[in-house]
Each structure stands twice: as structure tokens, then as C-alpha cells.
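> Provided below are the primary sequence and the corresponding predicted coordinates.
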Amino acid sequence: MRKIIHVDMDCFYAAIEMRDNPALRDVPLAVGGHPERRGVIATANYPARVFGVRSAMASARAMRLCPQLTILPPNITKYREASQTIREIFARFSQVIEPLSLDEAFLDVTGSEDFQGSATLIANEIRRLIFEQTGLTASAGVASNKFLAKVASDVNKPDGIQVVAPHEIDAFIAPLPVARIPGVGPVTQQRMKALGLHTCRDLQKRSLEQLAREFGNWAPRLYELCRGIDERPVRTEREAKSVSVENTYPHDLPDLGACIQALPPLLESLERRLRRNQHAAAIRGIFVKVKFDDFQQTTLERREIKEPTITNYARLLESAFDRGKRPVRLLGVGVRLESEDDEGPQQLELPLKR
Amino acid sequence: MKIRISCKALSEELFKLQGVVSQRSTLAILSNALLEASGNTLTLHATDLDISVSTSCACEVLEPGRVTLQARSLFDIVKNLEESSLELETEDNHWAQLKSGAVSCRIVGTHPDDFPHILDTSNVELFPIGSEVFLDMIDKTLFSVSTDDARANLTGAFFKVSEKRTLLMVSTDGHRLSKIETRPEEFVAGDNIPNALREGIIIPRKGLAEIRRTVDVKGPELSFGILENSIVFKYGPMSLSVRLIEGTFPDFTQVLPRESDKRAVVQKDLFLQSLKFVSLFASSKTYNVRLSLGPEGLQLYASDPDRGEATKTVPVEYSGPAVKAGYNFRYLLDVLNVLESDVVSVEIIDTLSPTLLRDVDRDEMLFVVMPMRL
């Protein structure tokens, strides 16, 4: 039986801003993009959440829900610093750490000798140290796998902990709404609702074959998750499979010409990101992402093009634009990297000059 | 328009249009054929805007005129008639009435003025080219033309009049390359060869495939010429114009391997049959088969975690050092299928360099296949 801890900072960005400016503590606060420039909310504090402000929501919508909302631009350097402190704390208790983002990570503490091996006590000590050293609160979930630990960390948020002991798994998972299962988005949720599937208990009553009929290839995974089974290991080194940058434009780019003109700054930041990450992995392909003004989105990838040059992206962008031929609200460019999944021989290119 | 025409003659000409008319184009008119009757001739046109076909046959014109009809369904109708002739007459709404023996039908049509403009090819200067030779050039190159629209300049074959009477055709998809040079007896051109041909043009894949489909070596003479940005082929009453691909074909000379001391000579049929056998064990994702040359001969090897592994060794004439490389076996099959000699040569430079395959006794064509990184 494994012992997994999921640590999740409470309203991380907003909490840091409140810590640094106590005047913001009791007012609705969010960190995110400017509402008039189509920004989105990254984090909102609890007073803002009362109004229905959520992360990933358009800032403009958040302002409509909560007109007195203060929206601060993100200060990533500051957040990164706090994140570094937190990771150092994690490292005192385990070598097996999988960071999911700046404010969230899985720890595998199986076999740890701290606190006589009690994952619950370790989790509480981590939370205490985080508060002591950063002034920020964290919530934790403790369970025998990643899925349960992640769901658990949300239960007593903020500044809380939830432990799911092995004998409690059934009782914990059965009433869980299907939306809490990773991969069940609004669309699947609607489909499940139509099938009378509201909780994991409902899903458990379906056989694997029945699930396969409804959900295809995803069925085996769903069958396990709704029973609280998740064998995924905590992966210490997350290999980047791609690097990309994107931008939502304050005003739609009206045509292909405008899109192509928008490429150079995007490519510059892509290059910066590639340099910073110092990916040893070779580039295996390039891709563009286009979101049109009707929110239709398309991604076009070419595996055989390995140079992230403006000419190559422009050509790709042209084909991607053709799929919608509408004003464009968002453009993204990226490179696909070699990963261990690509074992096996790869076709070499003839050394033709382009 | 009103005509009386032989079903066989009409169906033969309609066949030539079928590759060009599209079934699901956004422009409905492009699935139609334009029929024009005048004098004692029926002329038929079809186009997908990149390729246009015009052809004609004799008929009895009772009333000259024009109409556009759905090309595929007209072909299906005419093919299935039992009588030897039919009568076609347009109605006021541009539909057509067809009568043949006991059959009478009305076919939906559209106004002929809606049909796109067809390039007038009547004044093109034409150069005869042996159909047998030209079809052979297509056969040797079509399979390695790229299908990837992101590299548009590779989606056609490069065609060039290299010296006074030598024709060159090259194609590549970035992984392999085919090259053939010929001097057809039929091709006699003076100094009046268009510049475009001297520099080389890129003929799109579909145009070549259409020539392959409609031209018969036993048929009339095949000739070609350049008109604006198109290559025009004439074959009996048929004229096929293909819009050329704009752009430059990459300089392929640099990827052609130089003469090496690593030339292995092998029986083609044995090689082909062994490749087919060993490839039963090749991964269905990568199609990888490894070739090793050494004192024992040419060893073919494939393995896949889901299938197992297999080797087969075939005798070769080879005196070079031991060398091996992996390949997509389908690329090798494509080449072996177009080679013609009983014995062929394989030149593996090393694991990562282009490999050369060719007939032992036909120097004018060669095939390059890039290995896979093992």
C-alpha cells in the first residue's frame, strides 16, 4: 500500500498578494489579466469566490459578477520564489515529488521513517512549515494513490487536511460527484447526467462492457477511478513533451495577414522559453493553435518540420486559418519534443535544402 | 442542343473526365461536365480548376448548343444503356432528356454559362513524347511524390528537358527520392523549347496520375506543351491541362550518393520475396526492417514486441565492409516493384546516409531511400 500526499496551496497567487498587502485581505481580490484586454482570472480569494468568481473565468465576466473586484496583474517572480521555498520543504520529506504547477504537488512518502511513517503527521508538518516560512496556508490530502489524495486535499480547503484510510475508500468514493473524476468535463458530465450517472456509486454499478459502449477507450480508466483505484506512480521528473506559448489578443486579428504579423513576438517568447528550459530533447515537430472569434479552436501539427522558423509557422498558420477563415482571438505556437514514448526507429530525412 | 450519338463513343470520352470531376467539391458545378455540340462534333469539358480535360467525338448534331450535366451520373447512365445509340436534347430549364431504345430519362443540368472558363489549348506548340516512355517515367516516380500539402513543392514530380533530347523526372517526399532520365526517340525538339522546361517544372501528382489513367501505350500519339502556367498534354481528341505547382524543387543532386565501393548485387525476386517474408515481423507502427551486408550475404531482420522476430539471409555479390541500416520496408518494396532487371544493386553507405538502389543494367534511373535511426 502506497502513501501519497497531495499538497495544494490555498488561492496561491491571491494569498501572496494578501500577505504582502493586508488591506486586500478582506476585499474580493483576484489575480489575472485585464478585463478590457480579454484577460482571464488566474486565482480568486474566498471573498471573491462568494460572488462566483472562479479561476479560468474571463476577467470581464468576473467584473460583472463582482463589480467591486480588485484584479491585480500577476507577479510571477514573486510566486516563483514562494514556490521554491515550498519545494524545499517537500524535499525534506521525500525524494519522490511530482510538482503539478507552482502551487501543487504530489509526494510519495511510502517507506518514510519520519513520524514513524505516518503520512498524516508528515502532511501536517509540511503544512506547518509552509505557513511558518511563507505565511501562506496549504491544504493536503493523504491517501493510497494520486487520484484519492488529490480529491481529498479539496475536502477541507482552505487550511485543512483530509485522510482517506484504505478501509474508508469505498465510503469516500461512492458519493463523489462524477465531475470530480479527472477527465470528466462539462460535456461528459452532461452525457453522464443523461445516463443517470451522478456519482461514482452510479458508475460502479455499470460493467466495464457497458462503460466501454458509452465511453470507448476511456472506459477501463473510468472503471478503476470510480472505485478509487489509480496505479499511476508519482513521477519525479516530468518530461516536457512540448513547449508552447499563446496569446489572446485584445482585438481579434481580422485576417491571415494580421495573424502572420502577430507571429514574430510569439516566436520570440517561444525561443526564450526554449532557451530557459534548456531542453536537451530534440524538437520533433512544430504546431500552431488558432482560436477563432466563434471560439472554435484548431491545432495543426507537423511532425516532419523540425525548425521553429517563422516561414514554417507561417505556412502552418495558413492551413490552420483556412479551417475557420474567421477573425482570430487567440494564437499559439509550440514545438513537440522527443520523449521517451517515442522509442523505436525514426525515419530520417533526406538532407534536402528547403 | 440536340444530338444523336453512339453510346460506346460517348462513354469512352466520358471515362476520360471521371478522374477530374470531383464528387464533393464546394463548387457543385465542378462535378459537372460541359457538353458542346457543333458541326458534327460533341466536345466535353471537365475541370477541378487545377486540371482540365477536354475531349471530343463525332456525333450527329441535330441542333447545336451547350449544356452542363453531372459527369459521374451521365457516365453511369450511358454505360448501362443497351442500345447502340442515344439521343440527348436539352430542355428550357437546362435539364436534358435522354432517349435510347426503350429508355427515356430526364437529367438535371445547369446553365452552361456557370461553367468555369476552360484554357484554350488550340494554339499550344506541342512536342511529341513517346507515350510508353512517358508513362514509364511516371511509374518510376509517382510513388515517391509527397502527399503532404505543407511541402507543396514536393507534391509533384520535377520535370525538365535537361539536354536537347533528354527528359528528366524526379520526385521526393523528403524520405526517399526517385530519378529517371530518358531520351525518347519520339521527342525531337529544336531550340524552341520553352524556358520553363529547360529550367524544370513541377507537375502535380494528380495530373500525372490522370495521364497514367487515361493514356494507353497502344493509343494515339502523346504530345505536350507549355501554356501560361500549365502543362498541356494532347492525346488523340483529348487535351489535358495541368496547372503547375509554383515554387522551386529542391536541389536533389546533393542527396544523390556518390559511387561507392559498397555496391552489393542481389537477385531482385529473391530480395523482394525475402523482404515480404521478413516484413511479416515488422512493427506495424514503424515498418522497420534492418538490412545487413557482410560476408554471409544480405541479411534481413525484423522484430516487434507483439510479433516476434525473423531473419532471412540471401546471397549477394559484395566485397565491401560489413554495414547495416534500418528502413521502412514499404519504401524498399515500392522501389523493388518498379525495378526491372533480374539483378539489382544496393549501396548502403552507413546507418544514417542515403541508400542507393538501382537496376544493374539501367543506369538512367536510380532510387534513394533514407534509413531509419535504429
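That came in fine, so what should we check first?

> When you work out contacts or count neighbours from here on, use the C-alpha atoms and nothing else.
OK.

> Now whichever residue of the stretch 251-374 of chain B sits closest to chain A: phi and psi?
Taking CA to the nearest CA, chain A has its nearest neighbour within the stretch 251-374 of chain B at residue B:372, 4.2 Å off. Dihedral pair for residue B:372: phi -100, psi 150, per degrees, to the nearest 10.

> is it true that it touches residue B:329?
No. Taking contacts as CA atoms under 8 Å, residue B:372 lies outside contact range of residue B:329: 10.2 Å.

> Now the terminal residues of stretch A:165-184, how far apart.
Distance across stretch A:165-184, first residue to last, is 25 Å (CA to CA, to the nearest Å).

> Pull the distance from stretch B:272-289 to the chain's centre.
Mean-position distance between stretch B:272-289 and its chain equals 27 Å (CA atoms, centre = their mean, to the nearest Å).

> For the closest residue to chain B within the stretch 201-350 of chain A, name its beta-bridge partners.
Chain B sits closest to residue A:347 of the stretch 201-350 of chain A, with a gap of 4.2 Å, by CA to the nearest CA. Following DSSP bridges, residue A:347 is listed with bridge partners residue B:372.

> pLDDT score for it?
What the model reports as pLDDT for residue A:347 is 87.

> ditto for residue A:311
90.

> residues contacting the residue of the stretch 201-350 of chain A closest to chain B?
By CA atoms under 8 Å, 6 or more residues apart in numbering or on different chains, the residues touching residue A:347 are B:175, B:327-328, B:370-373.

> go with 10 Å
A:304, B:175, B:286-288, B:326-328, B:370-374 (CA atoms under 10 Å, 6 or more residues apart in numbering or on different chains).

> Kindly report the same for residue B:77.
So residue B:77 contacts B:7, B:11, B:71, B:98, B:105, B:107 (CA under 10 Å, 6+ apart).

> For residue B:367, what is the enclosing helix or strand?
strand B:365-369 (DSSP states H and E).

> Verify the contact between residue A:12 and residue A:104 for me.
Yes. Taking CA atoms under 10 Å as the definition, residue A:12 is a contact partner of residue A:104 at 9.4 Å.

> joint contacts of these two?
With CA under 10 Å, 6+ apart, residue A:12 and residue A:104 have common neighbours A:83, A:138.

> If you count surrounding residues, which of the two has more?
A direct count of neighbours by other CA atoms under 10 Å in any protein chain shown for residue A:12 and residue A:104 places residue A:12 higher, at 24 against 21.

> Next one: that one from residue A:306, what distance?
Residue A:12 is 37 Å from residue A:306, by CA to CA.

> Give me the common contacts of residue B:372 and residue B:329.
Common neighbours of residue B:372 and residue B:329 are listed as B:286-290 (criterion: CA under 10 Å, 6+ apart).

> and those as a markdown table, adding distance to residue A:189, neighbour count and secondary structure?
Below are those laid out as a markdown table (distance: CA to CA, whole Å; neighbours: other CA atoms under 10 Å in any protein chain shown; DSSP: H, G, I helix; E, B strand; the rest coil):
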| residue | distance to residue A:189 | neighbour count | secondary structure |
| --- | --- | --- | --- |
| B:286 | 37 | 16 | coil |
| B:287 | 40 | 22 | coil |
| B:288 | 43 | 29 | strand |
| B:289 | 46 | 29 | strand |
| B:290 | 49 | 24 | strand |
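
> Which residues does stretch A:176-195 contact?
Taking CA under 10 Å, 6+ apart as the rule, stretch A:176-195 contacts A:147-148, A:150-151, A:196-203, A:214-215, A:218, A:222, A:225-226, A:228.

> how about that stretch: buried residues?
Using 16 or more other CA atoms under 10 Å in any protein chain shown as the test for burial, stretch A:176-195 gives A:176-181, A:189, A:192.

> sorry, back to before: does the residue of the stretch 251-374 of chain B closest to chain A touch residue B:324 like I think?
No. Counting by CA under 10 Å, residue B:324 is not a contact partner of residue B:372; they are 11.1 Å apart.

> What pairs with the biggest strand by length in chain A, parallel or antiparallel?
Looking across chain A with DSSP state E, the single longest strand is strand A:242-253. Applying DSSP bridges, strand A:242-253 is found paired with strand A:328-337 (antiparallel).

> Could you list the alpha-carbon positions for the strand it pairs with in PDB?
Output of strand A:328-337 as PDB, limited to C-alpha atoms (Å, rounded to 0.1, in the frame of the first residue of the first chain):
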ATOM      1  CA  VAL A 328      -8.900  35.100 -34.700                       C
ATOM      2  CA  ARG A 329      -8.900  35.700 -30.900                       C
ATOM      3  CA  LEU A 330      -6.000  33.500 -29.800                       C
ATOM      4  CA  LEU A 331      -2.900  32.300 -31.500                       C
ATOM      5  CA  GLY A 332      -0.400  29.700 -30.100                       C
ATOM      6  CA  VAL A 333       2.800  28.400 -31.400                       C
ATOM      7  CA  GLY A 334       4.800  25.500 -30.000                       C
ATOM      8  CA  VAL A 335       7.300  22.700 -30.500                       C
ATOM      9  CA  ARG A 336       6.800  19.000 -29.800                       C
ATOM     10  CA  LEU A 337       9.800  17.400 -28.100                       C
END
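
> same question for it, mean pLDDT?
90.

> Ok, stretch A:213-226 next?
87.

> For it, which residues meet the burial criterion?
A:219, A:222-223, A:225-226.

> and if you look at stretch A:69-87?
Quick answer for stretch A:69-87 (16+ other CA under 10 Å): A:69-72, A:74, A:79, A:82-83, A:86-87.

> Can you tell me which of these is closest to residue A:265?
residue A:74 (20.1 Å; CA to CA).

> Chain B: helices as residue ranges?
B:7-17, B:71-79, B:131-141, B:195-199, B:205-214, B:268-278, B:329-338 (DSSP state H).

> tell me the pLDDT at residue 280?
Since no chain was named, I'll use chain A. 55.

> that answer is for a different chain, and I need it for chain B
Taking residue B:280 on its own, its pLDDT is 94.

> Surely it and residue B:307 touch.
Yes. At 8.4 Å, residue B:280 and residue B:307 qualify as touching, with contact defined as CA under 10 Å.

> and residue 302, how many neighbours?
If you meant another chain, say so; for now it's chain A. For residue A:302, using other CA under 10 Å, the count is 18.

> Actually, chain B is the one I wanted.
Residue B:302: 25 neighbours (other CA under 10 Å).

> I figured it hits residue B:280, correct?
Yes. Between residue B:302 and residue B:280 a contact is recorded at 8.1 Å, counting by CA under 10 Å.

> Mind listing the shared neighbours of the two?
Common neighbours of residue B:302 and residue B:280 (CA under 10 Å, 6+ apart) are B:287, B:289, B:308-310.

> okay if I get those as a markdown table plus distance to chain A?
Below are these laid out as a markdown table (distance: CA to the nearest CA, whole Å):
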| residue | distance to chain A |
| --- | --- |
| B:287 | 9 |
| B:289 | 10 |
| B:308 | 15 |
| B:309 | 15 |
| B:310 | 17 |
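
> Residue A:314: which of those residues is nearest?
Distance to residue A:314, by CA to CA, is smallest for residue B:287 among the shared contacts of residue B:302 and residue B:280, at 32.0 Å.

> how far away is whichever residue of the stretch 1-150 of chain B sits closest to chain A from residue A:315?
Residue of the stretch 1-150 of chain B nearest chain A, by CA to the nearest CA: residue B:150 (7.0 Å). According to CA to CA, residue B:150 stands 7 Å off from residue A:315.

> Could you pick out the buried ones from the contacts of residue B:77?
B:7, B:11, B:71, B:98, B:107.

> pretty sure the third one contacts residue B:10?
No. Between residue B:71 and residue B:10 there is no contact, the gap being 11.6 Å when judged by CA under 10 Å.
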